[in-house]
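[1] This is a predicted model, with the sequence first.
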Amino acid sequence: MIYHKLYDLYKGKTTSVGLIGTGHFGIAVIGQAVLQPQLKVGAVADKNEDAIWNAAEKAGIPRESLSFCTSVEEAKKQQEKGQVIAVTDPMILMDLDLDTIVEATGNPEAGARHCIAAMNHGKHIVMVNKETDSCVGPILKKMAEEKGVVCTPVDGDQHGALMQMIQWARDLGLEVISAGKSRDAEFIYDREKKTVTVYCDGGITIPETVTACLSEQECRYMETFQDENMEACLKARKKLLAQLDPRGGFDLCEMVIAANATGLQPETSLLLDEILRTPEIPMVLCHEKDGGILKKEGVIEVVTNLHEKGEAGLGGGVFLVVRSTNPYSQMILATKGCLSNTEGNVSLIYRPYHLCGVEASSTLLCAGLLGIDTGSRVYEQNYDIVQEAKVDLKAGEVMGSDHDPRLLTHMVPASPVSGRGPIPAHMLNGKTLICDVPKGTVITYDMVEEPKDSVLWQLRRKQDEMNK
């Protein structure tokens, strides 16, 4: 990490940030930003005034430093006095003296509107809003470059951390065989009680359905397996732990962004989604010729980490399975701390955490001070996440986000906006079906009515033209 050397080129200079959206991620962004001498939190926007007060309190911004404003004129006057501006209309931020807008609403349409407005006002954009990014990230990046501003993913989110790891590995000359994230939900094996329990977000979920009870015979499938029983063990784990927290569409959202930014591809549209102990990752997520289960290399994946109570986990972390084509270098990887497969010809590099807004300051400083992004060199909409009906859906039903239990998320090659093309999940979000959709059907553009004056849909069409 040499960021500090670059920041030192701008000693004495600060960069100002405006946050839109005060959710979990956004609060941490401003909470850590106020601790950075070269960052200044200039404004906070949220539709909910109480949410702004809550965010300011958790971020350590004194109440007397916050001024609620309802107009641009009022906000500018308060900003001149050194106050942190608070507004329920995010568009007010566009006319304030701010270098960077952090888009953290999680609303795909709002995110698109805020990004365009920020660019048109000469502001950099830090995209916490992965919902917008998953649909139109490449066109937003291109438009920003044309306007001389930065549009960047954020350090601290899984796709941001993963693309940096991938680029680092490639810059070293390593081949990336597979890469991905470990789900926030971990499966904790209690050898004494013969149970597996879901652990997520710092605590064990309460309902009894999240604990699987195992027989003595079944417990053997929770142990670290040997090559000869890999296939049987993987199948048994999925069957025995099927009642636990399954992979959600939101788990694929970060990975589709990472895939589009790195050129990695899914092996299957649902991803393999294996339940793995950390040492098993390089054994499993390598090519068949190396003893793994992949039929190709350069694969994007999601895993659920399995470990015993008291062991370090990988929940929420990111990983690479890599190879050096130089045998001596690969030997160093396999013998200097990297977990490897049995042959030692592929190795695991992993980061067992992502720190959300706590890490975002590096992206804010890179954008505001250096004028550079913290993403990948190339960004192309090669893949979308789309939704399959898990139940029969009726005309008139409103579709939800990638948390909607009625929908099963796939990652498929991207399609242009057209009648029979699969509609991206976050362009579908909030839309009403205009026809019945039988169970097992992937929802397409012609199954919903296109919203009027949608910036998101306009951007997607522009992106389609860019990709021709």
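    Noted; the coordinates are in hand. Not measured: the values here are computed from a predicted model.

[2] Next one: the residue lying closest to G111 once chain neighbours are set aside from A43, what distance?
    Closest residue in space to G111, ignoring its immediate chain neighbours: T132 at 3.2 Å, by CB to CB, 6 or more residues apart in numbering. Heads up, the C-betas are built off the backbone N, CA and C, glycines and all. Counting by CB to CB, to the nearest Å, the separation of T132 from A43 is 20 Å.

[3] swap in Q32?
    Counting by CB to CB, the gap from Q32 to A43 is 17 Å.

[4] before we move on, what about K77?
    If you go by CB to CB, the gap between K77 and A43 works out to 13 Å.

[5] Tell me which of these two has more neighbours.
    A43 (28 against 14; other CB atoms under 10 Å).

[6] any idea which helix or strand comes after the helix or strand bottoming out on mean pLDDT in the chain?
    Taking mean pLDDT, DSSP states H and E as the measure, the chain has strand 203-204 as its least confident helix or strand, at a mean of 43. Counting by DSSP states H and E, the next helix or strand C-terminal to strand 203-204 is strand 211-213.

[7] Just list what the helix or strand following that following strand packs against, helices and strands only.
    Per DSSP H and E, the first helix or strand lying C-terminal to strand 211-213 is helix 216-219. Using 3 or more CB pairs under 8 Å, 6 or more residues apart in numbering; DSSP states H and E as the contact test, no helix or strand touches helix 216-219.

[8] Which residues does helix 216-219 contact?
    Helix 216-219 is contacted by residues R191, K194, A236, L240 when judged by CB atoms under 8 Å, 6 or more residues apart in numbering.

[9] Apply 7 Å and report the result again.
    K194, L240 (CB atoms under 7 Å, 6 or more residues apart in numbering).

[10] and the longest helix seen in the chain, how far out from the chain's middle?
    Longest among the helix segments of the chain by residue count, using DSSP state H, is helix 130-146. A distance of 14 Å separates the centroid of the chain from that of helix 130-146, by CA atoms, centre = their mean, to the nearest Å.

[11] and that helix, which residues are buried?
    Within helix 130-146, the residues that qualify as buried by neighbour count (16 or more other CB atoms under 10 Å) are 130-141, 143-144.

[12] Does the residue positioned nearest the centre of the chain belong to a helix, a strand or coil?
    With distances taken as CA atoms, centre = their mean, E254 lies nearest the centre of the chain, 3.0 Å away. Three-state assignment for E254 (DSSP: H, G, I helix; E, B strand; the rest coil): helix.

[13] give me phi/psi at the closest residue to it other than its chain neighbours?
    Nearest residue to E254 in three dimensions, chain neighbours excluded: H159, at 4.0 Å (CB to CB, 6+ apart). Backbone torsions for H159, taken as degrees, to the nearest 10, come to phi -70, psi -40.

[14] burial count for H159?
    30.

[15] wait, it sits on M165?
    No: using CB atoms under 7 Å, H159 is not in contact with M165; the gap is 10.7 Å.

[16] Go through the buried residues of helix 130-146 and name the one nearest T409.
    S134 (10.8 Å; CB to CB).
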